[in-house]
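> Quick one, what's the 3D model for this:
(one chain, ligands or ions: 1)
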Amino acid sequence: MQEIKEYVAKKKLTISHFILENKLKLKLVIVQVNDDPASNSYIKGKLKDLNEVGIEGELIKLPSETTQNELLSLVNKLNKDNSVTGFIVQMPLPNHIDENIIKENISITKDVDGFNLLSKINPATPNGIVTFLKDNQYDFTSKNALVIGRSNIVGKPMAKLLLSLNMNVTVVHSFTKKDDLSYYIKNADLIIVAVGKPNFLTNEFIFKKDAIVFDVGINRIDGHLVGDCEKNLKVSYQSPVPGGVGLLTRLSLLLNLLEVYRNGI
Ligand code: NAD
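Numbering: from 1, shown residues only. Sure, this is the predicted structure:
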């Protein structure tokens, strides 16, 4: 498996050449309705990536008191704006806004995050992991995948995507019993952990020796970022945190924007 940092840097270079050679004028708008420090930091990273590859990025930051109808009007306006290639609505949204209603209203022609259920775009994190595996010639067919966590942005779309690649997919969650979890881990070729708990996956479990683990978790402990896995799991590959799935997710946003652009022409 290639080093993720190097892989992402190379892919970004290819994207920037492609944009330059084809004289593409692409624009991504990020809508933020919170002042959450984690969201601020993710958005900063996304804007930096856009700038690096030659895509215009615009942040529309709205106050937390913004109503659902106000946000819906902005979404509808962006849906119709020809100068905007695509846009994303940064999650989480304040509690008084129904996430699903917003997602359903993002036009599939602009839905860079693949949030609309009708969208052909795969959500950024699952797409980033699968693109990386494909680029590393990983053979998905008939292997056992274990997805730990069933969120709408990672676990569920991850499972769906791996199923479409002919894997045998198991999804476990907060109601899964520890003995069952151990059993599934022991039999898994590919494990995706998206729980949000440091040291959730440790060497207490028994792994297949050629198992591959992608650690999606991002947890902040005393100002440091850690994933959901203990370091040095006894597996053949474990993605690092930081510098792992987060980078693949950011790369995926650029790839998804290009796909939205291609689908629209
Ligand atoms: P979430 O916080 O919405 O849900 C957590 C999931 O973990 C739930 O589905 C729950 O059922 C499951 N879970 C909780 N306890 C469990 C247990 N004991 N056994 C099995 N499953 C259990 O999930 P999310 O939004 O997917 O986020 C998960 C983590 O991934 C967070 O740390 C988040 O910050 C991180 N994240 C990282 C990226 C990235 O780009 N690296 C992207 C999205 C999310």
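> Sketch out the helices for the stretch 151-265 of the chain, chain order is fine.
155-164, 178-186, 245-264 (DSSP state H, counting those that start in this stretch).
> Spell out which parts of this protein neighbour the ligand.
125, 148-151, 153-155, 172-174, 176, 194-196, 216-219, 245-246, 249 (C-beta under 6 Å from any ligand atom). In short, each C-beta sits where N, CA and C put it, glycine included.
> Pull out the buried members of those.
Among the residues of the chain next to the ligand, the ones that count as buried by 16 or more other C-beta atoms under 10 Å are 125, 148-150, 153-155, 172, 194-195, 216-219, 245-246, 249.
> mind listing the strands in the stretch 101-250 of the chain by residue range?
144-148, 168-172, 190-193, 212-215, 219-221, 224-226, 237-238 (DSSP state E, counting those that start in this stretch).
> partners of the fourth one in the sheet?
So the one you mean is strand 212-215. strand 190-193 (parallel), strand 237-238 (parallel) (DSSP bridges).
> In TSV: those strands, plus distance to residue 253, mean neighbour count and mean pLDDT.
Compiled in TSV, these are given as follows (distance: least, C-beta to C-beta, whole Å; neighbours: other C-beta atoms under 10 Å; pLDDT from 0 to 100):
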stretch	distance to residue 253	mean neighbour count	mean pLDDT
strand 190-193	19	26	98
strand 237-238	24	19	98
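> Quick one: closest of those to residue 78.
Among the strands paired with strand 212-215, strand 190-193 comes nearest to residue 78, with 31.1 Å by C-beta to C-beta.
> just how off-centre is the closest one within its chain?
14 Å (C-alpha atoms, centre = their mean, to the nearest Å).
> show me what contacts the spatially most central residue of the chain?
When C-alpha atoms, centre = their mean is applied to the chain, the residue found nearest the centroid is residue 125 (1.8 Å). Residues near residue 125 by C-beta atoms under 8 Å, 6 or more residues apart in numbering: 153, 154, 157, 158, 194, 216, 245, 248, 249, 252.
> ok, now with 10 Å
By C-beta atoms under 10 Å, 6 or more residues apart in numbering, the residues touching residue 125 are 113, 151, 153-155, 157-158, 192, 194, 214, 216, 245-246, 248-250, 252-253.
> tell me the most buried of the helices of the stretch 151-265 of the chain?
helix 245-264 (a mean of 21; mean count of other C-beta atoms under 10 Å).
> Could you name the helices and strands sitting against that one?
Judged by 3 or more C-beta pairs under 10 Å, 6 or more residues apart in numbering; DSSP states H and E, helix 245-264 is in contact with helix 4-21, strand 27-32, helix 37-53, strand 86-89, helix 124-135, strand 212-215.
> distance of residue 237 from residue 204?
19 Å (C-beta to C-beta, to the nearest Å).
> One more: residue 127?
From residue 127 to residue 204 the distance is 31 Å (C-beta to C-beta).
> Same drill for the two, tell me which one is more crowded.
A direct count of neighbours by other C-beta atoms under 10 Å for residue 127 and residue 204 places residue 127 higher, at 24 against 10.
> Check what pLDDT the residue nearest to the more buried one when sequence neighbours are not counted gets.
Nearest residue to residue 127 in three dimensions, chain neighbours excluded: residue 252, at 4.5 Å (C-beta to C-beta, 6 or more residues apart in numbering). On pLDDT, residue 252 comes in at 97.
> Use 96 as the first number from now on
From this message on, residue numbering opens at 96, which makes the last subject residue 347.
> Could you tell me the least trusted of the helices and strands packed on helix 340-359?
helix 132-148 (a mean of 94).
> so residue 287 sits right up against residue 241, yeah?
Yes - using C-beta atoms under 10 Å, residue 287 is in contact with residue 241, at 7.3 Å.
> Identify each buried residue in stretch 199-216, please.
201, 202, 203, 205, 206, 207, 208, 209, 210, 211, 214, 216.
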